[in-house]
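Dropping a prediction and its sequence here:
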Amino acid sequence: MFNISLMVSQDDKSKISITFDDFNIQEAINSIEKITDYHFYYNQNWFTDKIISKSYQNVDLEIILDDIFKDTVINYYLLNENEVVLIQNNIIYDNLPKGFFGKKNETNTEKLKNKGTEVKPIFYRNNKPSKKSEIIRIGKESKGNPEKNVVLSGYAINIRTGEPIANLAIKIKENDITIQSDQNGYYQVELPIGKYTIETRSLGIEDSRKIVVLYNSGELNFNLNESLELLDEVILEAEIDKNVTETITGTEQIDVEESKNIPLVLGERDVLKVATTLPGITTAGEGSAGFNVRGGKSDQNLILLDDGVVYNPQHFFGIFSALNPFALGEVNIYKGTIPAEYGGRLSSVFDLKTKEGNVSKFGGEASIGPVTGNLVLETPIVKEKSSLLVGGRGAYANWILRSLDDESLNNSEASFYDVIGNYSHKINENNNIKTTAYLSRDDFSITSDSLYIYSNRLLSLKWDHRFDDKNNGSLLLANSQYKFNIEFDGDSSNDFDLGYSIEETEVKLKMNYLYSQKYKFSYGINSKLYTVRPGSIEPLESGSIIKPLRIPKERGLESAAFISGKLDLTEKFSINAGLRYSIYNALGERTQRIFENGRPRNETTVIDTLSFGKNEVIKKYGGPEVRVSARYLLGDDFSIKGSYNNTFQYIHRLSNNTTVSPVDIWKLSDLNIEPQRANQYSLGLYKNLKNNSYEISLEGFYKRSKNILDFKTGAQILLNESIETEVLQGEGKAYGIEFLLRKNKGKFNGWLGYTYSRSLIKLDSDFPEERVNNGDFFPSNFDKPHDISLVTNYKLTNRFSLSTNFVYQTGRPVTFPVGRFNFNGSDFVVFSDRNKFRIPDFYRLDIGFNIEGNHKIKKFAHSFWTISIYNVLGRNNPFSVFFVTDNGEIKALKSSIFSVPIPSITYNFRF
Amino acid sequence: MAFRKPYMIFLYVIINFCTIGCTEPFDIGTETFEDILVIEAVLTDELKQHEIQLSRTFRLEEESFFGESNADVRVIDNLQNEYVFEEADMGKYVSVSPFMIQSDRNYQLTIRTENGETYVSESVTLPQKTQIDDLYAEKTVNESGDEGIAVFVDSFDATGNAIFYRYEYEETYQIIAPFWSEFEVEILSRNPPSFSVVPRTTEERICYKTDLSNTINITNTVNLSENRITKFPVLFIDKNNTVLRNRYSILVRQFIQSRKAQTFYETLKEFSDPESLFSQVQPGFINGNISSISNDQEKVLGFFDVSSVSSRRIFFEFKDFFPNETRPPFFIDCEVLDFSPSTPQGASNLLNFISIGYDNLSGYDSFTDTYFMTLTGCGDCNEFGSNVTPDFWEN
């Protein structure tokens, strides 16, 4: 092992000849130090067990170091003529790349690998160097330097916000000089050459200490953390050029922290609403729950919170998010290429992760606004190892309903709350566990005798395990439930209590294998058991003559195996190839009706009723799902990407409303209802400008889907024992082009998104009663061809910023009356073909003004005020147009949710 | 915690209370109009001359509908009996001879319109007949908190076959002119005006008015353990409604219909009911059970159904429920004006007021020659109803 042979070439001092024979990194460095003047600075713990065997003749040090640290996460920096600094994850840059701030705060290399991102230079925020003293050499020592005094200057910058730090006290210990940085964070001091200890101090900024050896005039920048910040709070911004270099198409990341500046209705922070300002993600209207991604129905989105499914992530008809914004860490949305590990929904995956509690100290964040109060607390349980985060949010929304100008809602009530908790524990270097629990609930009553309740429940437990440097994996166990209840308590004898619930339990094993930096793989299996209790109705009191009815429960098992690989074939060409094979089994115990072939499905065409025993397979569906994407770099900051995706969806949300309602039921595929399928193709161009301060992307997609669920006109859905006679399954077609221009840096930042897209449905059949609009393609309820969003944020000073949000959308399609007719002594309207007309276009401007609390010394909390005006222009955007027959007369009415400017103030603070 | 004076925040929250979530009238204009044949055909197990109504759809801004004339309308049963209907009025077709729907037969409607299109219905059968067991009125308070009288139905079908119920009703109420007198004014001369008081010639004090229901009243027993309709509210009458001023009667007809007919009526009702602010039922064209033979793309609106019917009538009066309260006001405000035609000015005033409607003499003071006049309707009930007593009327 220690068979070293060394030979230093005398001819060229800078060239090295050396041979490594089964050396590990430590030994290799030692031997370089031995034969050269180079001195290395590093931490031994960073080194892996990598073995190096190679010999070099008259080569540069860099070549040797490149080999040594290849396939590791260590970078080196030649600090001076003979000093080498090793940094884990980091490359030390002479100049900071523009706008590296806010870079993902990941220190765990394994996590980076998990995400399939390249290991790129990462600048720490929460590592310790800024606290510890580092020795920094400035300038070169030149013999007989005539200058006695030299100038040290630089900038102090807040790493988290990228903002300059003003009034930073910079103390030169040796000379007892203290200077302050100016408004731009700039400082300058004249010093004799020599060695100095420089300490910095400022309110709200972590103290730092640096040892500087000053040879010449030079620059020293201070990149400092906020001391009051929760240091491990995740700031989500990808690597600065991620949008260009990433292989997959159609991804969006939302910066949870930045989203606080975007003005939203009633001052409520809502990352999902922010998502709708990005191209390709829309809602049907202001008061409609659910999201439509690239022309897909709102049931086609897999919304995951710490890997558990949330069926309804919104409160109060979609006006407020049901996810606590303070507890969210990371939001990734996949609308183009859906990674192979996810399945079961056609259009998108919203992958939301809660942030982990602070492992070093107790902290929290709270807000109070006109509608809700919110408090999130985090505390270490075992210092530096485990932490707990708990959050709760409650609404006092009744006054909104009372103020609605709708007589029928005057007596109504609404309240909601959500609570979330997570516990994360770092057992050791190789094992981490995280468990999350979530509950949300809404109660509302629109008339005095009925009460609607709906709730989400979620539990997830994830164990991350690292096997070795190349292999790691995670095991997930998740359970979620969505249910609603309608209680009717009138005067008559038919009072009832009606309930619905869907529950799913999932086990998922995912493994990652890092073959090399260029070839990375992940694979795994998952299985999910669904139980749907489609509804039961029970008499509320003994006097009620309601017959208790329970529609038999439905069960299904959805299982899949997946494998995907990210293959960097050349520097420029990279492929991400995934394959998922999913199988769905509809399980007994149930009865299924068989309908005569070639006849419309109704009561009279039932030819047989089959009974299936418990766990007996009623019907099996499944197939391969291909998820392929490729990227070719046309330049350093310019790429083209394409992808193909196909997806299966085995569960369906049934809704005969034009917009999503919380009491829509989910139904599993069975003998008569087939799974939905989709194919999506996308192609895009991505370009970054001006050192990545501007991002431009243009992405087109074309999507075809099959077996999209719809209903016969006027269908009854709740408590229908033969829902298959009401269901229509049709084709979907969506296509569009999405443009996004984003400026991430600077005082003025934000984005402009424009989408042109169409979403069409076709419901055709041989039988007129199963046909809609003559079996032709027609626009879906959320087909809005033009969609423009402009979000801007202007930092006036460190404390004040002004944000605006402007939205313009084509009015959504509606079905208008095309005439009247007299029937049964009354006049009724006759409606046009479905969605033949459109409501007027939608536009809205919101303005928000944000005030950061001042940084008084020893102030316990950091405060943040948001003053916002929603719908500044007072645009009366119609949400829907409808028609009532009142005393035999027809009246056309339009309803709007927020028709006047709505001001609000929210107070947030963090401690 | 730096949680200082959270209540202060609310002082700054200024919200416009009236206009969040407004519902307001909307002018949609006539974007397109579709001309569609409308068929309303419910035949029953009553022996009578049945009626079928044919009309066309009309524009939203138009007042009323047009009957479809000159059509050939016939109903055929599975025994090939043909019942021919003839047009009695614009679009109203009446069977030539009385007949009743029999429970063991299938019926089908065929229509040939003037322009040569032929329409046929699906074949339908008569559902189980069920009696109205009880029809009664009770003093109640409705959902909006108004006091009044509600009319309820009880029914029970022991066979278990009558599941879908639809109700129609006819309200008949007495109208008593409050300022009726035995005399009337006779204009002897207009120039110069001169008048005399003469005995009234016709009975115009007590009249009757019948109103037909125009709402869709349906219920079902699908989710009930037995086919029992208990206290189904057919109608609510506010206690200030004039129809309750005098004696009141209501006839309720209970139709037992098919599932398909129920769906048709339910959809019709659903599309015309006010919706919740946040969700709207997807509207669309409502398919009935009649289609065009010649062109299967053609839309046809309407339904052919045979129903078994049972009816019941009750009478009641306001004081039965509100013994100590003032009965509802009359249809119009009856102000009494007095005129003395002994002066030329008074005579001319009287003549002018008679010409604008104050032509009912409610009293006459012969000592002062003063005429007490009211609006016609205050003394002549024919303004509001008919003075012919209906056959069924019981006092």
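On my side now, so go ahead.

hey, where'd the helices end up in the stretch 151-300 of chain B?
Assigned by DSSP state H, counting those that start in this stretch, the helices in the stretch 151-300 of chain B fall at B:259-272.

What's the nearest residue in it when you look at chain A?
Of all residues in the stretch 151-300 of chain B, the one sitting closest to chain A is residue B:267 (3.1 Å; C-beta to the nearest C-beta). Yep, even glycine has a C-beta here, placed from its N, CA and C like the rest.

Which residue, neighbours along the chain excluded, lies closest to that residue?
Nearest in space to residue B:267, with sequence neighbours left out and distances taken as C-beta to C-beta, 6 or more residues apart in numbering or on different chains, is residue A:714 at 3.1 Å.

what's near enough to touch the residue of the stretch 151-300 of chain B closest to chain A?
Taking C-beta atoms under 8 Å, 6 or more residues apart in numbering or on different chains, we find residue B:267 in contact with A:713-714, B:286.

any idea how far it is from residue A:893?
Noted for residue B:267: a distance of 20 Å to residue A:893, by C-beta to C-beta, to the nearest Å.

next one: residue A:204
53 Å.

One more: residue A:444?
22 Å.

one step back: dump the contacts of residue B:267 to CSV, plus distance to residue A:375.
Shown next, in CSV, are the contacts of residue B:267 (distance: C-beta to C-beta, whole Å):
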residue, distance to residue A:375
A:713, 47
A:714, 46
B:286, 51
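
Can you tell me which of the residues you listed has the most neighbours?
Highest neighbour count within the contacts of residue B:267: residue A:713, with 24 neighbours (other C-beta atoms under 10 Å in any protein chain shown).

Remind me which helix or strand residue 330 belongs to.
Looking at chain A here, since you left the chain open. For residue A:330, the element it lies in under DSSP states H and E is strand A:328-334.

and the helix or strand following that strand, how far out from the chain's middle?
Per DSSP H and E, the first helix or strand lying C-terminal to strand A:328-334 is strand A:348-354. Relative to its parent chain, strand A:348-354 has a centroid offset of 5 Å by C-alpha atoms, centre = their mean, to the nearest Å.

so what strands line up beside strand A:348-354?
strand A:301-305 (parallel), strand A:328-334 (antiparallel) (DSSP bridges).

Now do the buried residues in the shortest one.
Going back to what we said before, that points to strand A:301-305. For strand A:301-305, burial by neighbour count (16 or more other C-beta atoms under 10 Å in any protein chain shown) applies to A:301-305.

could you pull out the strands for the stretch 201-350 of chain B?
B:206-212, B:217-220, B:228-238, B:248-257, B:290-292, B:300-316, B:337-339 (DSSP state E, counting those that start in this stretch).

Buried deepest among those, which one?
strand B:248-257 (a mean of 23; mean count of other C-beta atoms under 10 Å in any protein chain shown).

helices or strands next to that one in the packing?
Counting contacts by 3 or more C-beta pairs under 8 Å, 6 or more residues apart in numbering or on different chains; DSSP states H and E, strand B:248-257 packs against strand B:132-141, strand B:147-156, strand B:164-176, strand B:228-238, strand B:300-316.

Now render those as TSV, adding mean pLDDT.
Below are these laid out as TSV (pLDDT from 0 to 100):
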stretch	mean pLDDT
strand B:132-141	90
strand B:147-156	91
strand B:164-176	92
strand B:228-238	89
strand B:300-316	91
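
Could you export those strands as CSV, including distance to chain A?
Below are the helices and strands packed on strand B:248-257 laid out as CSV (distance: least, C-beta to the nearest C-beta, whole Å):
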stretch, distance to chain A
strand B:132-141, 8
strand B:147-156, 9
strand B:164-176, 8
strand B:228-238, 5
strand B:300-316, 6
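
among these, which is nearest residue A:671?
strand B:164-176 (28.0 Å; C-beta to C-beta).

Flag every buried residue along the closest one.
Neighbour-count burial for strand B:164-176 [16+ other C-beta under 10 Å]: B:164-175.

and what of stretch A:730-738?
Of all the residues in stretch A:730-738, those buried under the rule 16+ other C-beta under 10 Å are A:730, A:732-738.

Now, these that are in strands?
Cross-referencing the buried residues of stretch A:730-738 against strands under DSSP state E gives A:730, A:732-738.

For residue A:773, state which of the contacts of residue B:267 is nearest.
Distance to residue A:773 across these (C-beta to C-beta) is lowest for residue A:713, with 10.6 Å.
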